[in-house]
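J.: just need the structure, nothing else, for what follows:
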Amino acid sequence: MAHHDICADCAVRDQALCSSLTDVELQALNTLGRRRKIARGQTLIWAGDDSIICANLLSGVLKLVAATPNGREQIVGLLYPADFVGQPYAGQADFTITALTESELCIFPRDAFERVLEDHARMERLLLQRTLAALGIARTRILSLARQSAQEKIAGFLLDMALRATATGCRATPDGPMTFDLPLTRGQIADVLGLTIETVSRQMTRLKTAGVIALPGGRAITISDPDALQGRAEAA
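T.: This is a model prediction of the structure:
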């Protein structure tokens with residue numbers, strides 16, 4: 001029976017790691033991959049478990065979570081469509097990976113994926129570049145958590161979310177205000193930014209009062225004035 005070409009209708013084909021492959025090379029990967037949907041709140045990988053899968057995130061948002069010594073969860077990163085999930089060449093998973101929204105992934109067995117990487121230097125190089133870029137983002141985040149004000153943190157976070165939501169957000173006019181759903185609760189935003197829930201709520205209210213954002217209800221948010229938001233994200 002012919003293997004279904006899961007790459008044909010892939011929404012992130014041009015942004016994901018696979019973008020470095022030719023159509024022929026993609027076939028090799030295609031035979032390994034399988035699509036998997038996971039529900040909001042479902043865990044894909046548990047920290048400490050054997051690292052047995054790698055994946056491309058096709059849709060949705062995942063959180064990377066570390067357990068602190070006192071048993072609290074700390075969100076250490078977020079994964080978005082076209083991001084790579086998992087750790088090739090690692091025996092165990094460092095972080096628990098859980099879906100914040102309904103998500104779909106293209107999953108590969110880790111050992112088979114490593115063999116494909118070894119055969120395709122371009123793909124291996126792209127994975128290295130992305131890993132180094134993610135490391136750079138993590139280092140920048142550590143610095144900003146230490147030095148930014150609460151207002152700068154919230155404004156920067158909302159700008160990042162808006163950028164990520166470009167594909168799914170809606171606008172009445174091409175350059176009008178963009179409305180989208182935040183994938184995180186206020187508690188989770190507080191966790192990511194190293195703030196309290198009260199501070200997150202207070203800053204959101206301030207931005208709303210200033211006409212920078214609107215909060216239509218639920219998790220929906222409208223960026224009414226992107227330039228003003230950008231201004232507030234930059235350290236004075």
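J.: which SS class is R139?
T.: Secondary structure state of R139, per DSSP: H, G, I helix; E, B strand; the rest coil, is helix.
J.: all helices of the protein, in order?
T.: With DSSP state H as the criterion, the chain has helices at 23-30, 110-119, 121-147, 150-164, 186-193, 197-209, 226-233.
J.: do you know which of the ones you listed lies nearest L100?
T.: Closest to L100 of the helices of the chain, according to C-beta to C-beta: helix 186-193, at 7.4 Å. The C-beta positions use only the backbone N, C-alpha and C, and glycine is treated the same way.
J.: now for I142, how many residues are close by?
T.: 11 (other C-beta atoms under 10 Å).
J.: so how far is E104 from it?
T.: Noted for I142: a distance of 31 Å to E104, by C-beta to C-beta, to the nearest Å.
J.: also N30?
T.: Distance from N30 to E104, by C-beta to C-beta: 16 Å.
J.: pLDDT weak spots in this protein?
T.: 1-6, 166-175, 235-236 (pLDDT under 70).
J.: quick check, central residue of it?
T.: Nearest residue to the geometric centre of the chain (C-alpha atoms, centre = their mean): L79, 2.1 Å.
J.: shouldn't that residue be in contact with L64?
T.: Yes. Applying C-beta atoms under 8 Å, one finds L79 in contact with L64, separated by 6.9 Å.
J.: verify the stated contact: V12 with A82.
T.: Yes. Between V12 and A82 there is a contact at 4.0 Å, judged by C-beta under 8 Å.
J.: which residues do the two both contact?
T.: When contacts are counted by C-beta atoms under 8 Å, 6 or more residues apart in numbering, V12 and A82 have 56-57 as shared neighbours.
J.: ok, the residue lying closest to T185 once chain neighbours are set aside to T101 distance?
T.: Leaving aside its sequence neighbours, T185 sits nearest to R219 (C-beta to C-beta, 6 or more residues apart in numbering; 7.6 Å). Distance of R219 to T101, computed by C-beta to C-beta: 10 Å.
J.: got it, and A66?
T.: Counting by C-beta to C-beta, the gap from A66 to T101 is 20 Å.
J.: quick one on the thing from earlier: beta partners for the residue nearest to the centre of the chain?
T.: Counting by DSSP bridges, L79 forms beta bridges with L62.
J.: can you pull the buried residues of stretch 38-49?
T.: Buried residues in stretch 38-49, counting neighbours by 16 or more other C-beta atoms under 10 Å, are found at 38, 44-45.
J.: returning to what we had before: thought T179 was touching the residue nearest to T185, still the case?
T.: No. With contact defined as C-beta under 8 Å, R219 does not reach T179; the gap is 11.0 Å.
J.: the two: who's more crowded?
T.: More crowded of R219 and T179, by other C-beta under 10 Å: T179, with 18 against 14.
J.: name the nearest residue to the more buried one, sequence neighbours excluded.
T.: The nearest residue in space to T179 (C-beta to C-beta, 6+ apart) is T222, at 4.4 Å.
J.: for G194, same thing?
T.: L145 (4.8 Å).
J.: same question for S201.
T.: R186 (6.0 Å).
J.: that concludes my questions; thank you for your assistance.
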